[in-house]
Structure formats: C-alpha cells, structure tokens
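S.K.: Task: produce atomic coordinates for the following.
(3 chains)
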Amino acid sequence: MTLKFSLFSAAVVSVLAPMAWAERGTDGQVNIIYWQAPSLLNPYLSGGIKEQEAASLILEPLARYNETGTMVPWLVDTLPTVENGGVSGDLTSITWQLSEGLMWSDGSPLTSADVKFTWEYCTAEGGGCAQIEKYGGVASVETPDARTVVVNFDGPKPFPYTAFVGAQAPIIQAAQFADCLGPKAPECTDANFRPIGTGPFVVTDFRPNDVIQYEANPYYRDPAKPAFAKVLFKGGGKADDAGRAVLETGEFDYAWNLQLAPEVIASMQAAGHGKTVLGFGTLVERIMINLSDPSAELGEERATRAHPHPVLSHKAVRQALSMAIDRASLVDIGYGAAGRMTCNVLPAPPEYASSANDACMTRDVAGANALLEQAGWIKGADGIRAKDGMRLSLLFQSSTNAVRQDFQAIIKQWWSEIGVETELRNISANVFFGSDPGSPDTFQKFFADVEMYANNFDGTDPEAYMAGWSCAQIPAPENQWQGNNMPRFCSEDYDALVAEMQQTSDLGKRAELAKAMNDMLMQEFVILPLVDRGRVSAHANSLGGVILNTWDSELWNIADWHRNKSN
Amino acid sequence: MLTYTIRRLLLAIPTLLFIALVIFLLLELAPGDPMAQVPLTVPSEVKEQMRDALGLGEPTHIRFGKWMWQFFVIEPMVWSDATFGTDYATGKQRVISWQTRSAVMDIVVQRLPQTLWVVALSYVVGILIALPIGIYSAYRQYSVFDQVGTFVTMVGYSVPPFFSGVLVIVIFSVHLGWLPSIYDTTHRVVDWDSFVIQLRQMVMPVMVLALQTTAQISRFMRASMLDNLNQDYVRTARAKGLRESTVVMVHVLRNSMIPVVSVIALGVPQIFGGAIITEQIFKVNGLGQLLITAIQANDVPMVQTVTFMLAILIVTFNIIADLLYGVLDPRIRYE
Amino acid sequence: MSDPLFKAAPRSQWRDVWDQLKRHRGAMAGAAVFIFILGLVFLGPSLWSIDPAYIDIRARNQGPSLTHPFGTDQLGRDTLARMMAGGQTSIAVGLSAMLLSLGLGSFIGVIAGYFRRLDGPLMRLTDLFLSLPLLPLLLVMVMLFREALSQRFGPETGIFILIVCAIGLTSWMPTARIVRSDVLALKEREFILAARSVGTTNTAMITRHILPNVMSPIVVSAALGIANAIITESALSFLGLGFPPDFPTWGRLLNDATVYVQDYPERVFWPGLAISLTVLSINYLGDGLRDALDPRIRGR
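M.R.: So this is what the prediction gives:
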C-alpha cells in the first residue's frame, strides 16, 4: 500500500469526513510527528519517553492517569481501593479484576497470567528492565482465576498503584515474550519491534529511529474505535521542523512537545492550519546550587562534602541570587503561555503545592544588594563583591538548548547587578545528562558552582522525588557519582521527614510532609525554582478528540481521535 | 600496476585493523553514557542494571575481540544465509545496537534506499553540474559566466545547510506549498505517479546537498584547468591544428582531472556517511541520521560499526583514486 | 640557494608576484573588502559602544532603528554590536584554523607526493584521520585538554587554541590528498627533471618548483576552508565544546536566527552576508595570488 502525504490525502479525508466516528477505521490515516524517534516499542527495555508514547498505542496498563492527574481504570472496571476491598486493610496487597472479554491483537484472550508474566519479565535477573522501580516492593503476584490478579507487597505499601499502572508499566503478552526473560530480552528483536497488545492499534512496520506504521486493531474492545484506520508515526529532526509540518504546511496532524520560543509558536500558529494544546505537570526548570567546593585543585575530593563551597555555603549569598532573578521575565522570554512562575520545586498536584515561598515571584535587587552588604560582601573596584578574599564569581553550567542559553545570558546580567560575576558554560545534553563517571561534565559530578536543568516525577506521588535530597542521595566518588542530590544538601531534619513519609499512608498527611520538605529546600535556597514548564503540542484543525495529558502518554486517548466533520 | 594494486589491497588489511582499534579506543575514551537519554525519573541503580545488561561490564580487549569476530565472521555468514539460503549464522550473536536491541546491519540495510536516493543522487547531480561550470569558467577566465559562477558557488558554500535547508522549506513548502517538507521513507516507487511523488520529496534535500558539492568540485576543476590551459603541450596541440574542443576536452581536461579525482574520491565515502544536518532537516533519516542519533545515544556498537564501514570505503576509494592517477597520467609510476 | 638561474635574476621572484598581484583587479577588490570587514569588526566597537552582551528586555525583537541600526535579538541585545564582536572571533578562528589545516595538509601532501618512501605511511595516516568519527574525537579532545589549556592560557585563549586545533586537526586531510595527487603528476614533468639534473636540492626543489605549482588547489582549499572553519566553530560551540554560550560568533548568530527566519529575516541576513563576503574576498584574493604565481600569465 502506497502512502501519500497529507497534501494528497487531504482530498481523501474530505470525502471520508462526513462518516466520521461512525465505525472503526473510517477516518483514513492520522500522521503524527515526534522530533525524537523511537528506537524500539518495548517500554521495559528503554526508559525513554519517546518509546513509551509510541508503544502506548499498542500496550496498555491496568489503570492510568487522565489529563487532570486522576487515576482511571483502563483494563479493569473499577480501581481497587481500601474502601471497596481491592486493597487489603494492612496495605500489603492489591487485587485487580480484569474487564471481561479483553483480547490481544492476535485474537487470544488477555488473562491474569499475562499480568503476572509482565511482573516476571521486568524483575528477571539480568534483563536490565528500565521500569523495575515500578515493581519495587512486589513480593509475589497471584492469579486465583483468569481475570483476577493479586499483587502482594513485602510490607505495607501506602501507595500501591505503581505496578501495572501508567504508560511506563503496561501489560505485555506472555506468549510472545516467554523466551525473552532476563539476559535474552535483547534477542527478541521481533517482539521488541512489534509487541502484541490490547490497544487500539497494531504495528505493521517498525523502522528503528525513523518511522512506525500502525493499523487499527481488529480485536479492540470497542467495535466503533479507533476512528482512524492507520497511523503514521514519524520521528527525527528538531522541534521547529515538527511544528512547521503541523501548523504551517499541514502535512502532519499531530506534533509532540514543541519546545520553541513563544513568538515562534505564535507565528507558526498564525498560518491557520492547526492549534497548540497545553498542559501542566510537575516539570520545573531550576537552578541547583553547589554546596561543595568544585575547584580543580582538590583533585579526588572535588565537589564532595569534604569541602564546603567557599561562597555558596553562605545562605545570604544563595538567597540574594534567588532575589535577583525576575521569574516573570523568564516565563515571558522562554515559554510564554507554556510556562508559569513557581517558587516551589514541587509545584503540583495542587494539594502538594506550597504557598509559603511565593515571595520569590517579585524581583528585589535592592533587597538582594542590602542582604549581601549586611552579610559583609563588599563591592570591589571591578564591581564584584568580595569578603575575606573570596570573590562572588560563579561558573554556571547547563545543557545545550536555545532557551537555556537565553536564560543563562539573562541571569548572568541580573546577577551582575548585585555584584556577582558569572562565567557561562553549555554542555551537550547527551554528555551533561549521561552518567559516565569518566566525564567531568555530567550534571551529577557538578564541577561548577550552579547548574540549570528541568526535572519532574512520574505519576502523582512525590515520595521518591522528594527523597532525592536526602543525605544518602549525594553523588560522590564512592557511589560512582550516582544520586539525585545535586546541591549536596544534607540535613537530619530533612532525612527524618523522608523517613516519616515512607511510613505514612494518609494522603493528607503525606501532602503535609511533602510540603514541609519542599519548604525546607526553598527556604535554605539550595534549589532555585524558575519556571513551572507546561507541555505544548500541536494538532491540525481537522483532528478531533485530542486531550493533552502530561501525567501519562500524550497519545493515551488515541482511540477517541477522529477527523472533524466540518473540514 | 597489477602488483601495485595487490600490494595496496594487502596493505589495506593491517591498516583497517589498526583503524578499527583506534576507533574502538576512541569511543571507549569518549565521555558518554548509553543511559543519557533515559529520563531523570528513572533511578540511578536501575540505570546501572540496564548498563550491565548491555555487557558493559566486560573488559575492553574482550569486547574488541568480540566485535571484530562478529563483524568479520558472523555478519558475512548472515549475509550468506540471506543470499544463498545457507545456515551458518543460526544462533550466533551478531553486532547488536544498544538503542534498538537489534542487529546493526539490519538497520544499516534499511537506511540504504533513502541514503542512495537522496545523498548519492545529490552527489552525482553536484558533480554533473560542477564539471561543466569548472571547465567553462577556466576556459573563459574572468568572463561574466566565470564571475557569476564564482559568486554563486562561493555564496552557496558559505551558507550552511542548517540555514539553506530551512530557507527552502519556508519558501517551497510553507509559502508556495509546492513540495513536502518531510521525506516519507516508507514511500515505494511502483508507477509513474509514485515516481513523481518521490521526485517531489527529493528535490529540496538533493538541491541543498548538491549546492555544497557543486561549489567544492567546480572550484577545484576551474583551478586545475587554469593550471593546464597555459602549458606548452596545449600550445603544441593547437599548433598541430587539433580542433579547440579536442584540445580542451581531451588533452587539458584529462590532465586537469587528477586533483579533481582526489576530491571526488574523498566525497564518495561521505555519501554513505550521510549528510547529517540536511537529513535531519528534511527527516530523510538515512545513514547520517542513524550515525548522529547513535552518537547522541552513545550506542557504541552502532557507532563503531558504521564508522568502521565508512573507514573501509575511505581506504577503498583512496586506492581507486591512486590507481586512476596512473590511468589519467601514464607518467605517474608505481613501484 | 644554489640555483644559478635564480641567483642571476635582478629582481626576486616574490617582488614580481607582488607587482602582478597589484594589477589584479579581483585580488585588489577582494583585499579591499577584507580590510573593510577587518576594520569594521576590530575598530568598529570603539565607535559603536553598545555592549554586545547587554540585555535590554524592554527592547526585544526590534527592527532596525537609529538606536539599533541592525535591530535587536530575542533578548534585546544589539545586533550590530554582536555582529562586530562575533566577527572578531569568527575571523580569528576562521583564519587561524584555515592556516593550520592548510599548512598541515600542504606539508603532508607535498612530502608524501615527493618522497616515495614516506608516501605509504603518510597516506595511511590520512586514511586513519578521515575514518575517525568527528564528534567523539572532539569530545575526547575537550575532555583531555580543556582544563589544561584554560589553566595555562586563561579560559578564553585556552578555548581559542582548542577550537583552532580541533578544526585544523580534523580538516587537513582533503588538502593533503589533493596536493599529493598534484605533486605526483608534477614530479614527472620535464622541468622537474631538468631542475634535478642541475643538482637542485630537495628543499629548493620543493620550495621553488613544487610549491608554486601546486598553489591552485591550496588556494581553493583556503577559500573553502575559511567558510568551513567559521561554520564548524558554531557547531562546536553548540556541542558545548566551543566558546561560552553568551559569546557571539557569526556562525552562532546565523544558527540562532534560523528559527526566526520568517518573522525577522534581517537577523539571518547580516551574519549570512558577513560570512559570504569574507569567503568571497578570500577567494578573489587567492585567485589573484594564484595568477600572480603563474609565470606564464604574469606580465600578460
């Protein structure tokens, strides 16, 4: 079958449109473009978001998050809770009841054995499963009957919805992956490229790092869906090319994650072919402050807790750095509508967001100068403040990305207004975010004074995310520089809160603890949150049913996508 | 000349083995982590387990030996199995990419059609335009044709593809709407209509790439022709009463081709190395895009295999160029 | 110099070349443009005193005006000031990297072509360098040398040396291959035989007879090389291996402006024009030099 560009298929579509969503496969083809190309379709072998989202058309979890971050049943009829008896009173097991009549795309029934196998697959020794964290604490999975799955934990699990939930942990078919356990996982090329799933589409052609073709799953549970007969999923290039293909030339129907300057998106949208959709999650662009001394003379002990930072160990300096930043302007310049000011490293969900730190929203240069003056940092002849021979001169590193470099330049200028000198450095993202212990430029080694990047957490539960700033998580040579505590922040009080949250099951209490941790980090100014970043994607005007979801795969509801009738 | 050829081919083997070792060690030394693109939400212990699953735990010399064995023994077996239906390679471990967990060679083969359609074709187009421009510019040095040719090719060369690619897309796809901005690698040419579609999607990347080739080769052609046009043998040939076209197109051209052949031979392996930026802009996703994504993802087996294949081509085409010198100018002697 | 023919000459060869070059209109025009660009980027900042790094958030994305003749960029920095600052870096990097790559390439090419015994090893070395994957090679270079160079020469000079070496060391191979092929053919010409028969030493042979006759490909490589070096520099900075991100260069300005090509086309125009003009002027200057070095054309 020959594929044509939508320049041509537009004509076909307009003929088909009047019958839209009447029955399965009546709306022709939908073209999706991701500027990062998926390299396989097994989310357990790649932790990458692009792979997860491409696989989410095929593979489905038992439950997933909707656009508001609420959990919804997916392959089950009801969410198990303590109230309905699905979760045991002592929080050590959860029972899922599969919906009736679910079929794999090869026509065989989905059973509880497949669910159990999924757990075995990810936890098999030597498989290198990327989502093993999702199955952490699972002691055993029982299958009393073909539709019932009982997950037993090795202790009370206050938040039992990690295994088999979300786009990261979907159910795979036991029959297909039976011979792919552990070290044999990479040998199953065909299964990794063409997994059999329960989702609305099946793969017909997979070309790694290039293009994927799907067609409607004949055994999909809803006979009227999906409306599209085919999906073309193209990968590669850059965000601006992808945006152009949807918003300006109309060749594609959906473009993922347009990380572009607001004025660029606005002018693309003016062409009238499509519109952008926006959603906020937990992604925060932040500056991390190094509390340890990164100077090269220290050799092996560089950037470790053995040597406190000569300048940034002083809280007044850190606070002044935060006060000098105009977060409103950063949002304007870098993200426009796709960003919001934030003073918290934990900005969402709403019940977890603190309001104790909102003073950072207004820039206060005079205050910052006064604070430094008071702390004894006096301006020298060159306009740079110093105290006891220590100059306020910082190395500011970040990954290569147009918006980040703009931010670096502008923050450098703001800091110069309070007498702080800044040297900028940008590092290619694959080196910066790589954890090669041999490279001096990783964000974990942090051989700089301050660094900027963005991070978020999976799902809606921030326990693991907040635990990242405990003493045990400090990257150091002893742990091959692994760990999430980039500022090298270490406080007994904080660690106590982390331990308490791990034991607490009451959601209200958990939120309180998370807020307390967030406030401690913010008020110590070891992390300077800048922008709460939203996700911007774009779709053609003729494409209906798109609901942007930042808590799960963006393509989570592709079964409901359709051609608008009025086109 | 035959002994020379055989000697060069034999010498190529240790050269290539040495190059393979250097490539391997270089990638070993280069900073990078195959888990760099895994989101930060995946904990570091999990990444460590994923790294172990890739076989990164083994010592360097064993991995080098394995790779060489897979490349020179097992991959040819696989090829033989596929071509002659033999059964040598069953159950043997091939060179496996870390990103896709599939055989590197399969992906390379998958990428060949678009690389040949776009990159190779643009090279041929570039040469075909460049040679006449170079010859005529030299023959009529400082004529209007020469001046315009110089201007256009040098400006064309100064404008990098990351800009010219976007520019042609904005003009021909966005404003005029004539050509698709994204190359469809799944497109198959089966009849005239599909051939026209293929042509339309090829035009822009081919032109952007051909501009660079044309600029380079026409400049060298022109310079080399100028060197030869004033030689004594040209005067002799004209004095003999040979026609002007014979003098220029046979005598002068043949002698002028020597440096140009070097340039052309240097460019051929680059076709297979792909055109990274142009491929990315038009989403051609050929070998260039394969190599750059592999480098970005630190997919070492993929990077070393593709670069080593390029090394084989480089060595081969340089031998071919050396042999061609002798054909073009019989006075060049080989030991 | 033991060559009796040249000893007898009343005027030196280079004097003749200079006289010829002066009469070459293209070369003079090229030189004038190049000097004009040099003057603009090196002396300009003393007349146009806006700091190229100064960000004025209220003046973002402005078109040409009296206060900003070339407009401002997305952060409100003055484009004219950035063009001048960028030109200093781009021209310095472009020229030095081009000279390094040309010097290395011509040296290896001539030696390999002339001395048969060195041909094999040198050309295998060329093969090796052609085969090495560029990006990992550059990453290794930065990892090994960035810290050491910045400590010895200070951060900016250190990075400058690193970039020039990185570009020079990875781009000499085509020049070497081309020059060698020319030398191979040249070596068999009658005038070389004649020179050899009068006892010309190898050094004299190379500097007096071989080099002037392989100037054509070298000159072409020079013009192409400077364009390459300017663009490669911006690619390096992008990888985080070049200058700090707030350091403007023409390549980076062009790259940053590409995404704005539809809304603010003037922003790509200026760096594009500057790079093209520089390359063209070097090209014409090179053409003139080549003509001037050809004794058959000389005096026509």
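
S.K.: Can you give me the buried ones in stretch B:197-206?
M.R.: B:I197, B:Q198, B:Q201, B:M202, B:M204, B:P205, B:V206 (16 or more other CB atoms under 10 Å in any protein chain shown). No exception for glycine: its C-beta is placed from N, CA and C like everyone else's.

S.K.: actually stretch B:135-147, not the one I wrote
M.R.: Those would be B:I135, B:Y136, B:S137, B:A138, B:Y139, B:Q141, B:D146, for stretch B:135-147 by 16+ other CB under 10 Å.

S.K.: which among these gets closest to chain A?
M.R.: B:S137 (35.7 Å; CB to the nearest CB).

S.K.: From chain C, how far out is that closest one?
M.R.: 11 Å (CB to the nearest CB, to the nearest Å).

S.K.: Wasn't that residue part of a helix?
M.R.: Yes: counting by DSSP: H, G, I helix; E, B strand; the rest coil, B:S137 is located in a helix.

S.K.: on that earlier part again, a markdown table please, covering the buried residues of stretch B:135-147 and showing distance to chain A.
M.R.: A markdown table is the format used below for these (distance: CB to the nearest CB, whole Å):
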| residue | distance to chain A |
| --- | --- |
| B:I135 | 38 |
| B:Y136 | 37 |
| B:S137 | 36 |
| B:A138 | 40 |
| B:Y139 | 42 |
| B:Q141 | 42 |
| B:D146 | 37 |
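
S.K.: close to chain B, is stretch A:43-59?
M.R.: Yes: applying CB under 8 Å from any CB of the partner chain, one finds stretch A:43-59 in contact with chain B at A:L45, A:S46, A:G47, A:G48, A:I49.

S.K.: Can I take it that C:L285 is in a helix?
M.R.: Yes: the assignment for C:L285 is a helix, going by three-state DSSP.

S.K.: residues in contact with stretch C:100-118?
M.R.: Here stretch C:100-118 makes contact (CB atoms under 8 Å, 6 or more residues apart in numbering or on different chains) with B:335, C:119, C:122-123, C:125-126, C:164-165, C:167-169, C:171-184, C:186-187, C:202, C:205-206, C:210-211, C:214, C:218, C:221-222, C:225, C:229.

S.K.: Where does pLDDT dip in the chain?
M.R.: If you meant another chain, say so; for now it's chain A. For chain A, applying pLDDT under 70 flags the ranges A:1-22, A:435, A:566-567.

S.K.: meant chain B actually
M.R.: B:57, B:274, B:334-335.

S.K.: Can you get me a residue count around the residue of it found nearest chain A?
M.R.: Closest residue of chain B to chain A, CB to the nearest CB: B:A53 (2.6 Å). Residue crowding around B:A53 was assessed by other CB atoms under 10 Å in any protein chain shown; the count is 22.

S.K.: quick one: contacts for it?
M.R.: Each residue near B:A53 by CB under 8 Å, 6+ apart is listed here: A:G126, A:G127, A:G128, A:P183, A:A185, A:P186.

S.K.: Are any of these buried, and if so which?
M.R.: A:G127, A:G128, A:A185, A:P186.

S.K.: show me the contacts for the third one.
M.R.: Same thing as A:A185. A:Y44, A:L45, A:Y121, A:A124, A:G127, A:G128, A:C129, A:N192, B:A53, B:R101.

S.K.: Just the ones of those in helices?
M.R.: Applying DSSP state H to the contacts of A:A185, the entries found in helices are A:Y121, A:N192, B:A53.

S.K.: about what we covered before: nearest to chain B, of the contacts of B:A53?
M.R.: A:G128 (2.6 Å).

S.K.: How about that closest one, nearest residue that isn't a chain neighbour?
M.R.: Distances taken as CB to CB, 6 or more residues apart in numbering or on different chains put B:A53 closest to A:G128, at 2.6 Å, once the chain neighbours are dropped.

S.K.: Ok, A:G281 next?
M.R.: A:G281 sits nearest to A:T550 (CB to CB, 6+ apart), 3.4 Å away.

S.K.: tell me which element that neighbour is part of?
M.R.: Assigned by DSSP states H and E, A:T550 belongs to no helix or strand.

S.K.: just to revisit the earlier point, and the contacts of stretch C:100-118, which are buried?
M.R.: Buried among the contacts of stretch C:100-118 by 16+ other CB under 10 Å: C:119, C:122-123, C:126, C:164-165, C:167-169, C:171-184, C:186-187, C:205-206, C:210-211, C:214, C:218, C:221-222, C:225, C:229.

S.K.: got a list of what the residue of chain C positioned farthest from its centre touches?
M.R.: Largest separation from the mean C-alpha position in chain C: C:R58, at 38.4 Å (CA atoms, centre = their mean). By CB under 8 Å, 6+ apart, the residues touching C:R58 are C:G76.
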